[in-house]
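K.L.:
sequence first, then the predicted structure, then my questions.
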Amino acid sequence: MDDARSEPALPGTAVVWSPDTLLHEPDAEIWLGVRTPGTETKARVDAIRNRTEAAGARLIVAEEHDDDVLRRVHDDGLLDHLRSIWTDWEAAGLPDDPGQNRVVPYVFPTAGMLGGLPARVPVAVHARAGRYCYDTMTLVGPGTWEAARSAVDAALSAVDLVSANPQAGQSALPLAYALCRPPGHHVSRDAFGGSCYLNNAAIAAQALRDAGHDRVAVVDVDAHHGNGTQSLFYERADVFYGSLHVDPGAGWFPHYLGFRDEIGAGDGRGANQNEPLAPGSDDSRWLAALRRIVDSVAAFDASALVLSLGVDAAADDPESPLQVTASGYRRAGEMLATLGLPTVAVQEGGYHLPTLGSLVVHTLAGLSG
Ligand code: SP5
Ligand code: ZN
């Protein structure tokens, strides 16, 4: 890891965040039935905010946006669920009996269970908990909805900053970074998991489409495959999704998706690219995979870029076996900057508190050229 003397500067780089993002306290992850300390903590936000500010970035508080883009990306049922399930859980007395202080699902209405019959809405709150959730690690508590919704506002505010608004006398920035937390790339149209609740990057991509960009690329450098983002755009020709991540076929989350042969379908065939990497992959293999994705983005002829910026591919990260360095992240930023596209970088994973902020600074410095 580079030390403080070699930390790059970020003069004036726009960093959008919201204090509401700190309201989400998942507290734990239920993994294999065992309650383990969660790694997706609010201290992540402080780490990134402090380090980017020290590097000279301009901190901007997110502006509230209405639900318009959010509702075109996600199913209303998922949104209603996230808005209300904690309150219902509490009202049902479940924090006292059986003594579970977060929403934890126990039964999941899988396609195989339903056998083609429609999923009814269970009367029991504890059964409803599994309706839109696909794992036991993504707990919902008192401030989860407010935090997730504020992360969407951060992503949409970053989109505003890279979009010219002549009426307001504003010119567009080439780069804006949204310090989104909780992260989002594991959320599909109607299913959440992987420590994610709302897909901030996908919402940013849709907002860029709405702002007049005919073709948008999403590049995902988080250590894990962004199965939610892939799913949302899988059959669309107007949004390219490219991801480099630890090989799910080697036993890594999200296990069921992220394989090389997932190339998109229908109109979206050829607009999805997965680059699974062996555990232990270092800068050279990671950057070679990114090069293949950047070449595809250039051929796709996008006019705007969303970067799903997970920094959990770093060597010290507790959630992944990839071995990327800070200078690797900087070179990734530089490689993406050669595309010359207006860029919205959206925070995804990254869990090693001592190095998290510096990894973000390195990436943004590379992107800033
Ligand atoms: C956004 C993001 O990076 N989500 C990644 C979620 C992957 N979590 C997988 C967890 C697998 C088990 N981890 C054991 C650690 C127990 N605290
Ligand atoms: Zn991740």
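P.N.:
Structure's in. What do you need? The structure displayed is predicted, hence computed values, not measured ones. Residues are numbered from 1 along each chain as shown. Ligands and ions are numbered 1, 2, ... in the order given.
K.L.:
find the closest residue to ligand 2 in the stretch 101-250 of the chain.
P.N.:
residue 224 (3.7 Å; Cβ to the ion). No exception for glycine: its C-beta is placed from N, CA and C like everyone else's.
K.L.:
for the stretch 251-369 of the chain, same thing?
P.N.:
Nearest residue of the stretch 251-369 of the chain to ligand 2: residue 349, at 3.0 Å (Cβ to the ion).
K.L.:
now that residue: which helix or strand?
P.N.:
Per DSSP states H and E: residue 349 is located in neither a helix nor a strand.
K.L.:
that one touches residue 225, doesn't it?
P.N.:
No - assessed by Cβ atoms under 8 Å, residue 349 is found out of contact with residue 225, at 11.4 Å.
K.L.:
what's across from residue 58 in the sheet?
P.N.:
Beta bridges link residue 58 to residue 14 when assigned by DSSP bridges.
K.L.:
the top strand by length along the chain pairs with which strands, parallel or anti?
P.N.:
In the chain, assigned by DSSP state E, the strand with the most residues is strand 239-246. According to DSSP bridges, strand 239-246 forms sheet pairs with strand 216-220 (parallel), strand 272-277 (parallel).
K.L.:
tell me the most buried of these?
P.N.:
Most buried of the strands paired with strand 239-246 by mean neighbour count (mean count of other Cβ atoms under 10 Å) is strand 216-220; its value is a mean of 29.
K.L.:
so stretch 188-202, near ligand 1 or not?
P.N.:
Yes - counting by Cβ under 6 Å from any ligand atom, ligand 1 is contacted by stretch 188-202 at 194-196.
K.L.:
now that stretch, how far from the centre of its chain.
P.N.:
Its chain's C-alpha centre and that of stretch 188-202 lie 8 Å apart, by Cα atoms, centre = their mean, to the nearest Å.
K.L.:
in the protein, what residue is nearest ligand 1?
P.N.:
Nearest residue of the chain to ligand 1: residue 349, at 2.5 Å (Cβ to the nearest ligand atom).
K.L.:
ok, that residue - contacts?
P.N.:
Applying Cβ atoms under 8 Å, 6 or more residues apart in numbering to residue 349 gives the contacts 40, 183, 195, 222-224, 310-312, 319.
K.L.:
which two from these end up farthest apart in space?
P.N.:
Pairwise distances across those (Cβ to Cβ) peak at 14.3 Å, for the pair 195 and 311.
K.L.:
which parts of the stretch 51-200 of the chain sit against ligand 1?
P.N.:
Residues of the stretch 51-200 of the chain lying near ligand 1 by Cβ under 6 Å from any ligand atom: 137, 183, 186, 194-196.
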